[in-house]
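Asks: output the structure for:
(one chain, ligands or ions: 2)
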Amino acid sequence: MRVIASANQKGGCGKTTTAINLASSLSSKGERVLLIDFDPQAHATMGLNIMPSDLEKSIYHVITPKDYQFLRIEDILVPIKDNFDLAPSSLILSAVEQELSGLEGRENRLFRAIQELKKTYDYVVIDCPPSIGHLCFNALRACEEVIIPIDMSLFSLRGVSKLLEIIILLKDKTGHDVKSRALITMYDRRTRYSRVVLEKVKTEFGDNVFETVIRYNIRLYVSGSQYVEPDGRYLTKDRGIY
Ligand SMILES: Nc1ncnc2c1ncn2[C@@H]1O[C@H](COP(=O)(O)OP(=O)(O)OP(=O)(O)O)[C@@H](O)[C@H]1O
Ligand SMILES: [Mg+2]
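Replies: Ligands and ions are numbered 1, 2, ... in the order given. Presented below is the predicted three-dimensional model:
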């Protein structure tokens, strides 16, 4: 089982779009995939047409230390399509930041929760929130690889340095080593600015930048969608596929 997180502290850089489409493409190739929505905004959940308000339980109920809950990931799964399951999120997940404060083993909760899934899935993809706190730390502890989507802004690059510091801190504190790779998103090769940011990313990451660049797609932006079907159709805000 390969565990991959999509993380960057900067908001709106393409974390969720990357996580959903990576999970969906892997499942189309026959890999068994679990996507964990680990962001209280629940964009990955909604991006897959699942409304958090319709759900009684979510990843919060797996992660919370409150002993009246205690569900396993299997108990909260929503099947999306063949080989593709979602562990959905909802706003209440934000409470975990406080609930885990000062708790022994707080950074291991997601790691522990996915251990028993090793035989069930080939890939686990984790969509992280745009902040650095217990949720992000749990996601980094649970994964071996992190994809860092970088849109064409210098803020996005600043978010990266903070994330890289946390990865080093995690290694010092727990000995857990995470391999990080940058993914350029929303790239518009017509603009000089895009090319400048791309060069900066290459300088900072060296070989650890995906050669594949995700181009800016006006249809995705206007629709606010995060999900593109393999044939290029996408999910619109009113949740129909176009
Ligand atoms: N390649 C692209 N071209 C154009 N628009 C895109 C592209 N990728 C994502 N978007 C749009 O940008 C917005 C932000 O994308 P996304 O939700 O994936 O970012 P995020 O990093 O997960 O945001 P957050 O930090 O809030 O979780 C969405 O409305 C999405 O439709
Ligand atoms: Mg997101």
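Asks: do you know how far M46 is from ligand 2?
Replies: The gap separating M46 from ligand 2 is 10 Å, by Cβ to the ion, to the nearest Å. For glycine as for every other residue, the C-beta is placed from the backbone atoms N, C-alpha and C.
Asks: measure how buried Q98 is and give me the count.
Replies: 10 (other Cβ atoms under 10 Å).
Asks: per-residue pLDDT, it?
Replies: Here the pLDDT value assigned to Q98 is 94.
Asks: roughly how far apart are it and I92?
Replies: 12 Å (Cβ to Cβ, to the nearest Å).
Asks: residues from this protein in reach of ligand 1?
Replies: 11-17, 39, 41, 43, 130, 185-186, 214, 216-217, 220-221, 224-226 (Cβ under 6 Å from any ligand atom).
Asks: let's see that with 8 Å instead.
Replies: 6, 8, 10-20, 39, 41, 43-44, 47, 127-130, 149, 151, 185-187, 214-221, 223-226 (Cβ under 8 Å from any ligand atom).
Asks: buried subset of these?
Replies: Buried members of the residues of the chain next to ligand 1, counted by 16 or more other Cβ atoms under 10 Å: 6, 8, 10, 12-20, 39, 41, 43-44, 47, 127-130, 149, 151, 185-187, 214, 216-217, 220, 223, 225-226.
Asks: among those, which are in strands?
Replies: S6, D127, P149 (DSSP state E).
Asks: if you skip the residues just before and after it, what's nearest to the last one?
Replies: I take that to be P149. Distance criterion Cβ to Cβ, 6 or more residues apart in numbering; nearest residue to P149, sequence neighbours excluded, is G14 at 4.0 Å.
Asks: measure that neighbour to F70 for me?
Replies: 34 Å.
Asks: swap in D172?
Replies: From D172 to F70 the distance is 31 Å (Cβ to Cβ).
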